[in-house]
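Asker: Quick one: sequence plus predicted model below, questions after.
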Amino acid sequence: MTDTSPFIQWPPSLLPAEEDALTLLATTYALSHGLLYLPVPTSQPVPPAPPSAIHAPLTILPTPFPRHLFERVQRVQRVYSVLYARIAQDIPFLDRIMGEEGVAKVDDFVGPLWRGWKQLRDEGMAQPLQLGIYRSDYMLHAPPGSTDAISIKQVEFNTISSSFGSLSQLAAAMHRYMYASTQFFNTSKYFQSSNFPLNETTPGIARGIAEAHKAYSVKEAFVLFVVQEGERNVFDQRMIEYELLEKHSIHVVRLTFDETAERSVLDPTTKALKVKTDPYPDPIEISVVYYRAGYTPRDYPTPAQFATRVHIERSRAIKCPSIALQLAGGKKVQETLTHPGVLESFLLDRDRWGEEHVFDQADVDAVRETWVGMWGLDFNGNEGVRKAREGAAGLVLKPQREGGGNNVYTSDIPAFLDTLDLREREAWIAMEMILPPQDVQNYLMRAGMGERAILTDVVSELGIFGWALFGEGGQEKSRVKEQDAGWLLRTKGRDSNEGGVATGFSVLDSLLLVD
Ligand code: ADP
Ligand code: MG
C-alpha cells in the first residue's frame, strides 16, 4: 500500500461457501469465548440471573489499518493520559470551562455534577488520588480527491465508562483464530500473522484498577462497579471482574446507583465507603469505585441519583473517574485544548510541572496532529454560529453528552441552529468531519438477523485504552502513573453517523495492519 488516498480495496472476494464457513467459525468462537451480549429482554421483570446470551455484533474479517498510524496513536496515548490527569487537577481551568462560568450554567447534566463537586471541594475532599481508564477514539482521515497522505484524527477522549475493552480483546482473538484455522482462504496478501497486533485490554484495564486498589492500602477492601439497571453489555464488565479476582485476588461488587444508596454508608470519621453485600454479615469497605454508569442523564432520572453520586464522591474510595476527571472529558474541554497556548501550558510549562515532568515540542506536535478544527458555538458573539452555518456540509455539532445519539450532522445543522437558543450555545461545539477512506467493505454480523453476514460499505473507529493513577496523595502533583491497555476497533455501516456498539449502530472488529 502507498501512503496516499485512496486507501485500500477491501475485502478480498470470498466464495459464498467461504462466507458461510467464516460466519460459522466467527459466531461459534464468539459464543464459546464470551464475546456476548445479553439479549433484549422479552418479559418483565427481567430475571436476575440471565438464562441465555447472544453473540456480540461482529465482523467476519478484520479491517485493514495503516500500521504506522496505529503505532503513532499508541505512542501518543502516554501524553494524553498525563494531559487529562493534569486537566482533572486544574480546578480553575475546569471551573472556567465546565463550571458556573461555562457549561454548568446552561447544561442541566453538567450543572448538578459540577455543583456537587464544588460543594465537596468546599467541605474538603477525602481522597486526592484519582484513577482514569481512558479510551481515545480515532478515525482515519482521507478526504476524497486529496493528494495528502492518509492521516488519523481524534473523535473524542473518553474519561468515564470507556467500554468494549474486554470484548475487543476477544474480537481480535477471534480473527486471529479464524486466520490460524483458514488463512482466510489465502484471499489477501495482508493475511499474515505479523499483521494481527496483540490486544490485551482485560489485563490492562484490571491492572489499572488493581494499582488504585493497592494505593488505597486496605487489602481486604472490595472494588465497587457502579452499573446500569438492565445493562446488556455485562460480559464486557464481568471479564474485568474475573481478571481482578483471578490475577489480583480483588473482589468486586456490582451495584446500580439506587442499590448503592440503599446499601452503603460513609464512616463519619474516616469517610470510608462501606457496602452491605451478601453473604457477608458486616459492611465491606470499598477501595475503588469503577463507573460503568453515570455518564448520561438517563442514569440520573431524579435528584436522588445525583445525590448518590455525590455521596460516593465524598468518600475516601478512589473514584474511576472522579467528577473532576469526568468533567475533563467534556467535548468543550476537547475544543478548548485547541486554543493557542493551552496545550503548551499543560505539557511544556516548566514552572507548573517541573523540569523532569515536562514533555517536548515533538509530543505537543504529535497530540496536535491528531486534531481537526473545532470551535465553540458561543465563539466571538455570533461568529461561532455563523461559521457553523456556512461550513455545515463539513461539520458535526456536539453537546456535552456521552454515549451516542446526541450529535447533529452536516445537512441537519442549519435547521438545528435555528432552534438553538442563545444561552445553549455555550454547551455546544462545532467539529470538522473526519472523512474515512472509501471503498472499504466488510461483512457485518448481528445475532438474530437470519445468521447471515451482510457485506456493507463501512467506516471504522479505533479506540486506544490506557489508565492513569494520579493525585497529590503523598506524591508530587506532577507524578502520573500510567500504562496503555490495548485497543478497540468498531466498524459501522458507512451511512450511519453514530458509533456506539451498544446502541446498535456498530460492530466489534479488529485490526489487520498494513504497510
Ligand atoms: P459520544 O460521546 O456520544 O460517543 P462522539 O464524539 O464519540 O460522541 O460521537 C459519536 C459518533 O459520531 C462517533 O463514534 C463517530 O462515529 C461520529 N463522529 C463524531 N465526531 C466525528 C467527526 N468529527 N467526524 C466524523 N464522525 C464523527
Ligand atoms: Mg464516542
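Answerer: Right, received. Where do you want to start? Ligands and ions are numbered 1, 2, ... in the order given.

Asker: and the stretch 101-250 of the chain, which residues reach ligand 1?
Answerer: 137, 155-156 (CB under 6 Å from any ligand atom). The C-beta positions use only the backbone N, C-alpha and C, and glycine is treated the same way.

Asker: Throw those residues into a markdown table and include distance to residue 104, pLDDT and neighbour count, thanks.
Answerer: Output for these, formatted as a markdown table (distance: CB to CB, whole Å; pLDDT from 0 to 100; neighbours: other CB atoms under 10 Å):
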| residue | distance to residue 104 | pLDDT | neighbour count |
| --- | --- | --- | --- |
| 137 | 25 | 98 | 19 |
| 155 | 24 | 98 | 20 |
| 156 | 20 | 97 | 19 |
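
Asker: possible to save those residues as JSON lines with secondary structure?
Answerer: Output for those, formatted as JSON lines (DSSP: H, G, I helix; E, B strand; the rest coil):
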{"residue": "137", "secondary structure": "strand"}
{"residue": "155", "secondary structure": "strand"}
{"residue": "156", "secondary structure": "strand"}
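
Asker: Give me the helices and strands touching the longest strand belonging to the chain, please.
Answerer: Identified as the longest strand of the chain according to DSSP state E is strand 454-470. When contacts are defined as 3 or more CB pairs under 8 Å, 6 or more residues apart in numbering; DSSP states H and E, strand 454-470 sits against strand 63-66, helix 67-88, strand 130-141, strand 151-158, helix 201-216, strand 441-445, strand 480-493.

Asker: next structured bit after the fifth one?
Answerer: Moving toward the C-terminus from helix 201-216, the next helix or strand (DSSP states H and E) is strand 222-226.

Asker: And for the longest one?
Answerer: Stepping forward along the backbone from helix 67-88, the first helix or strand reached (DSSP H and E) is helix 91-98.

Asker: contacting residues around that following helix?
Answerer: With contacts defined as CB atoms under 8 Å, 6 or more residues apart in numbering, helix 91-98 is touched by 87-88, 101-104, 110, 114, 118, 121, 324, 327-328, 330, 332-333, 336, 400.

Asker: Give me the subset of these lying in strands.
Answerer: Going by DSSP E, the strands hold none of these.

Asker: Buried members of these into PyMOL, please.
Answerer: Here is the PyMOL command that selects the buried residues among the contacts of helix 91-98 (16 or more other CB atoms under 10 Å):
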select buried, resi 87+88+102+103+104+110+114+118+324+327+328+330+332+333+336+400
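
Asker: Name the residues of the protein found near ligand 1, please.
Answerer: Within reach of ligand 1 by CB under 6 Å from any ligand atom, the chain has these residues: 137, 155-156, 372, 396, 398, 401-404, 406-407, 431, 433-434, 461, 497-499.

Asker: if we go to 5 Å?
Answerer: By the rule CB under 5 Å from any ligand atom, the part of the chain lying against ligand 1 is 155-156, 396, 402, 404, 431, 433-434, 498-499.

Asker: Name the residue of the stretch 51-200 of the chain that lies nearest to ligand 1.
Answerer: At 3.8 Å from ligand 1, residue 156 is the closest residue in the stretch 51-200 of the chain, using CB to the nearest ligand atom.

Asker: Please list all residues in contact with that residue.
Answerer: When the contact criterion is CB under 8 Å, 6+ apart, the partners of residue 156 are 136-137, 329, 331, 334.

Asker: And these, which is closest to residue 28?
Answerer: Using CB to CB, residue 137 is the member of these that sits closest to residue 28, with 29.8 Å.

Asker: still on that earlier bit, and the helices and strands packed on strand 454-470: which comes nearest residue 50?
Answerer: For residue 50, the closest of these is helix 201-216, at 20.5 Å, according to CB to CB.

Asker: Check which residues of the closest one are buried.
Answerer: Neighbour-count burial for helix 201-216, counted by 16+ other CB under 10 Å, picks out 201-213, 215-216.

Asker: Check stretch 255-267 too.
Answerer: For stretch 255-267, burial by neighbour count (16+ other CB under 10 Å) applies to 255-257, 259-261, 263-264, 266.

Asker: Farthest pair within those?
Answerer: Most distant of the buried residues of stretch 255-267, by CB to CB, are 256 and 266, 18.3 Å apart.

Asker: Could you report the pLDDT at the residue nearest the centre of the chain?
Answerer: In the chain, the C-alpha nearest the mean C-alpha coordinate belongs to residue 162, at 3.4 Å (CA atoms, centre = their mean). Here, the pLDDT recorded for residue 162 equals 97.

Asker: List phi and psi for residue 293.
Answerer: phi -150, psi 170 (degrees, to the nearest 10).

Asker: Break the chain into its domains for me.
Answerer: What the TED database lists as the domains of the chain is 16-36+53-372+451-513, 373-433.

Asker: Show me where the stretch 401-515 of the chain dips below the pLDDT cut-off.
Answerer: Across the stretch 401-515 of the chain, the ranges flagged by pLDDT under 70 are 473-477, 496-505.

Asker: Swap in 80 and give it another go.
Answerer: For the stretch 401-515 of the chain, the stretches flagged by pLDDT under 80 are 449-451, 472-478, 495-505.

Asker: so which of the domains of the chain is the most packed in?
Answerer: Of all the domains of the chain, domain 16-36+53-372+451-513 has the most neighbours on average by mean count of other CB atoms under 10 Å, namely a mean of 19.

Asker: Quick one: end-to-end length of that domain, please.
Answerer: Start-to-end span of domain 16-36+53-372+451-513 (CA to CA, to the nearest Å) is 26 Å.

Asker: Could you tell me how far it lies from the centre of the chain?
Answerer: Distance, stretch centre to chain centre, for domain 16-36+53-372+451-513: 4 Å (CA atoms, centre = their mean, to the nearest Å).

Asker: which residues touch stretch 293-307?
Answerer: Counting by CB under 8 Å, 6+ apart, 108-109, 112-113, 116, 160-161, 226-228, 231, 256-258, 261, 309, 326, 401-403 sit against stretch 293-307.
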